[in-house]
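Student: Sharing a sequence plus its predicted fold:
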Amino acid sequence: MRVFPNSLINDEFLRRYWQKKPLLMRQAVSLPADLVTKSKLLALACGSEDVESRLILEHGETPWEAHHGPFDRSELEHLPQSHWTLLIQDMNRHMPEIRPLLDAFSAIPQWRIDDIMISYAADRGSVGPHSDDYDVFLIQATGKRRWKIHQHPVSDDDLIPGLDLKILKTFDTQVEWLLEPGDMLYLPPNVAHWGVAEGECITWSVGFQGPALTELSTHWLEERLSTLPPQRYTDPDLKAQQHSGEINPRAIARIREMLQQTLSFSDDELTAWFGRFSSDPKENLTPPPLENCITETNLLQQLQQGVQLKRHPCSKIFYSRLPDSLLLFVSSESYTLSADTLDLAILLSEHYDYSHQQLQPWLQSLQCLALLTELVNRGDLIIESLQSSVGSLQ
Ligand SMILES: [Mn+2]
């Protein structure tokens with residue numbers, strides 16, 4: 001039985017609203033109330049270092065006090081009756097059972113997805129009036145939350161100074177809605193919003209964040225510089241200069257030429273780099289490699305006995321088609337494959353479980369078997385033992 005809707009995004013949504021204007025969709029997604037509960041969120045926030053969690057207290061020792069997890073149980077047991085929110089990032093990776101919600105957004109490329117953040121708010125809990133630089137779909141899971149928005153431009157001067165959070169000093173509400181379970185509000189980047197719980201509530205936020213230019217250029221340059229031979233400015237044609245203090249246009253032209261080398265690249269080079277860049281998992285979410293590596297023969301034997309593979313919930317898998325081949329990107333690595341393995345790339349990148357039948361056609365190919373073995377050894381794919389797959393059916 002499908003828990004989540006098949007699709008929430010269509011061409012019309014993309015044309016009229018995506019990155020353009022807010023849209024409220026009543027009764028778009030009904031989420032099972034017992035899937036993510038307050039107690040599960042509290043437990044996650046008190047668990048592993050790898051779980052990124054925040055607690056926002058509107059009336060702490062300072063206004064809008066932010067605390068970062070992991071938390072002590074006792075800290076979360078002694079909170080006020082109202083006006084606080086607990087937020088947990090990357091819930092699609094920490095609780096793989098909620099990841100299939102993202103399939104409803106599959107009209108948007110996966111590399112644009114940031115995460116599903118889930119927040120629990122006590123009565124009147126809020127993270128304050130603010131604006132974000134990413135697209136977000138706010139889904140009311142349980143309880144009610146009143147959202148107010150305005151579309152005036154916001155600058156750093158509009159923020160309350162001296163806080164850890166970017167909270168707006170004033171808020172001139174243009175529209176407001178009360179979201180009830182199943183309602184979804186889409187907000188494009190830079191629309192100021194303020195959501196306040198009416199009674200306790202849980203909100204899921206599906207976030208899409210485009211890479212920042214600073215991030216792109218820093219990463220690109222680091223990688224590019226590691227491949228260029230070391231070189232320095234040269235000037236064998238230097239002419240005697242009348243005023244030695246001048247940096248003349250000839251020198252500047254040469255400096256420009258040097259810098260341009262770092263920006264000259266083929267489409268294939270750019271594709272390969274961007275695939276590695278965008279499939280890089282967050283540091284706290286990198287799949288751990290297998291302790292005892294397996295061989296191709298060993299994997300083949302296991303697959304022939306009917307074991308299945310599944311994807312590590314933190315592993316990002318994308319692909320790009322090049323003129324004569326294709327590139328598969330897995331957790332910041334790229335693999336060049338022959339063009340006829342396109343269906344395998346689609347299978348790996350669009351699914352999280354791979355049955356024996358789905359993998360069978362690729363096991364004859366040494367290239368594909370080597371790839372699958374490497375991905376198992378790197379921890380991106382996990383062998384589901386026969387025992388556990390039988391267990392999960394019961
Ligand atoms: Mn926000």
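Tutor: Now that the structure is in, tell me what you want to look at.
Student: if I look at residue 82, how far off is residue 202?
Tutor: Separation of residue 82 from residue 202 (Cβ to Cβ, to the nearest Å): 16 Å. Just so you know, the C-beta spots here come from the backbone N, C-alpha and C atoms, and that holds for glycine as well.
Student: Oh, that last question was meant for residue 217, not what I typed.
Tutor: Distance, residue 217 to residue 202, by Cβ to Cβ: 38 Å.
Student: ok, which stretches of the stretch 251-394 of the chain are helices?
Tutor: 267-278, 296-304, 342-350, 356-359, 366-378, 386-393 (DSSP state H, counting those that start in this stretch).
Student: about what we covered before: give me the more crowded residue out of residue 217 and residue 202.
Tutor: residue 202 (25 against 14; other Cβ atoms under 10 Å).
Student: the bottom helix or strand of the chain by mean pLDDT?
Tutor: Ranked by mean pLDDT, DSSP states H and E, the helix or strand of the chain with the weakest confidence is helix 386-393, at a mean of 48.
Student: Show me what whatever helix or strand residue 201 lives in is packed up against.
Tutor: Under the criterion of DSSP states H and E, residue 201 resides in strand 192-208. Strand 192-208 is packed against helix 38-45, strand 113-121, strand 135-150, with contacts defined by 3 or more Cβ pairs under 8 Å, 6 or more residues apart in numbering; DSSP states H and E.
Student: relative to strand 135-150, how tilted is that strand?
Tutor: 170 degrees (axes from the mean of the first three to the mean of the last three Cα atoms, to 10 degrees).
Student: Give me the mean pLDDT for stretch 306-326.
Tutor: With pLDDT averaged residue by residue, stretch 306-326 scores 96.
Student: what's the span of it, first residue to last?
Tutor: Counting by Cα to Cα, to the nearest Å, you get 28 Å between the two ends of stretch 306-326.
Student: Can you mark which positions in it are buried?
Tutor: 307-320, 326 (16 or more other Cβ atoms under 10 Å).
Student: Tell me which entries of these lie within strands.
Tutor: 308, 309, 310, 311, 317, 318, 319, 320, 326 (DSSP state E).
Student: who are the neighbours in contact with the fifth one?
Tutor: So that's residue 317. By Cβ atoms under 8 Å, 6 or more residues apart in numbering, the contact set of residue 317 is 279, 311, 328, 329, 330, 331, 348, 349, 380.
Student: Over to residue 178?
Tutor: 144, 145, 146, 147, 198.
Student: still on that earlier bit, any idea which of the helices and strands packed on strand 192-208 is most buried?
Tutor: Across the helices and strands packed on strand 192-208, averaging neighbours per residue (mean count of other Cβ atoms under 10 Å) puts strand 113-121 on top, at a mean of 23.
Student: who's in contact with that one?
Tutor: Here strand 113-121 makes contact (Cβ under 8 Å, 6+ apart) with 36, 38, 41-42, 84-93, 98-99, 101-102, 105, 127, 134, 141, 143, 145, 197, 200-209.
Student: In PyMOL, how would I select the buried members of the residues you listed?
Tutor: A single PyMOL command is used to select the members of these judged buried by 16+ other Cβ under 10 Å:
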select buried, resi 36+41+42+84+85+86+87+88+89+90+91+92+93+98+99+101+102+105+127+141+143+145+197+200+201+202+203+204+205+206+207+208
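Student: need the contacts of residue 317 in a markdown table with distance to residue 234, can you?
Tutor: Listed next are these as a markdown table, based on distance: Cβ to Cβ, whole Å:
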| residue | distance to residue 234 |
| --- | --- |
| 279 | 38 |
| 311 | 50 |
| 328 | 41 |
| 329 | 37 |
| 330 | 41 |
| 331 | 40 |
| 348 | 47 |
| 349 | 46 |
| 380 | 45 |
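Student: In CSV, list the C-alpha atoms belonging to the longest helix seen in the chain.
Tutor: Criterion DSSP state H: the longest helix present in the chain is helix 213-227. Written as CSV, here are the backbone C-alpha positions of helix 213-227 (Å, rounded to 0.1, in the frame of the first residue of the first chain):
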residue,chain,number,x,y,z
LEU,A,213,28.0,30.5,-6.3
THR,A,214,30.7,30.8,-3.6
GLU,A,215,30.4,27.0,-2.9
LEU,A,216,30.5,26.2,-6.6
SER,A,217,33.5,28.3,-7.4
THR,A,218,35.5,27.3,-4.3
HIS,A,219,34.9,23.6,-5.0
TRP,A,220,35.6,24.0,-8.7
LEU,A,221,38.9,25.9,-8.1
GLU,A,222,40.1,23.5,-5.5
GLU,A,223,39.6,20.5,-7.8
ARG,A,224,40.9,22.4,-10.9
LEU,A,225,44.0,23.6,-9.2
SER,A,226,44.9,20.1,-8.1
THR,A,227,45.1,19.0,-11.8
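Student: Fine by me, thanks again.
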